[in-house]
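Enquirer: here is the input, now give the coordinates:
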Amino acid sequence: MQQDGQDEVAGPEDRARLKAFGLRMKLLRVSRGWSQEQLAEAAGMHRTFVGQVERGQRGMNILGLWRLSRAFGVPIGDLFTDVEGK
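Expert: Purely as a prediction, here's the structure:
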């Protein structure tokens, strides 16, 4: 078990979840006309981290999710709604 806050991806399902979350995050960002840098600033994150999450290379903890939801002005649950609204 990792304790340093880094992602521990167990397999293909986890990678698929990270990619799906990253796509949702990117769609929310682009729909607002924001750059990665603008989102990063609004959410108190580093621009490269935002890019890594959007590409499914990194996940984030609950505090990061809370910051994202606040930056986007949506409930946290909306961060997990897929492209079809499910």
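Enquirer: mind checking pLDDT for residue 24?
Expert: You'll see residue 24 listed with a pLDDT of 95.
Enquirer: what about it, how many neighbours?
Expert: Number of residues near residue 24 (other CB atoms under 10 Å) recorded here: 17. In this view, the C-beta of every residue, glycine as well, is placed from N, C-alpha and C.
Enquirer: and if you look at residue 37?
Expert: 13.
Enquirer: and for residue 11?
Expert: 7.
Enquirer: ok, it - contacts?
Expert: For residue 11, the contact set (CB atoms under 8 Å, 6 or more residues apart in numbering) is empty.
Enquirer: now it. Its backbone dihedrals?
Expert: Main-chain torsions, residue 11, degrees, to the nearest 10: phi -180, psi -170.
Enquirer: ok, it to residue 45 distance?
Expert: Residue 11 sits 26 Å away from residue 45, going by CB to CB, to the nearest Å.
Enquirer: residue 52 now?
Expert: 10 Å.
Enquirer: just residue 56 next, same as before
Expert: Following CB to CB, the distance that separates residue 56 from residue 45 is 16 Å.
Enquirer: swap in residue 55?
Expert: 14 Å.
Enquirer: so which of these two has more stuff around it?
Expert: More neighbours surround residue 45 than the other of residue 55 and residue 45, with 18 against 13 (other CB under 10 Å).
Enquirer: give me the longest helix you can find in the chain.
Expert: Secondary structure of the chain per DSSP state H: the longest helix is helix 12-31.
Enquirer: mind listing what's buried along that helix?
Expert: 18, 21, 22, 24, 25, 26, 28, 29 (16 or more other CB atoms under 10 Å).
Enquirer: what's the next secondary structure element after the lowest-mean-pLDDT helix or strand in the chain?
Expert: Within the chain, no helix or strand scores below helix 12-31, which has a mean of 94 by mean pLDDT, DSSP states H and E. Downstream of helix 12-31, the next assigned helix or strand under DSSP states H and E is helix 36-43.
Enquirer: can you point out the buried residues in the following helix or strand past that next one?
Expert: Next helix or strand after helix 36-43 toward the C-terminus (DSSP H and E): helix 47-54. Residues 49, 50, 51, 52, 53, 54 are the ones in helix 47-54 that count as buried (16+ other CB under 10 Å).
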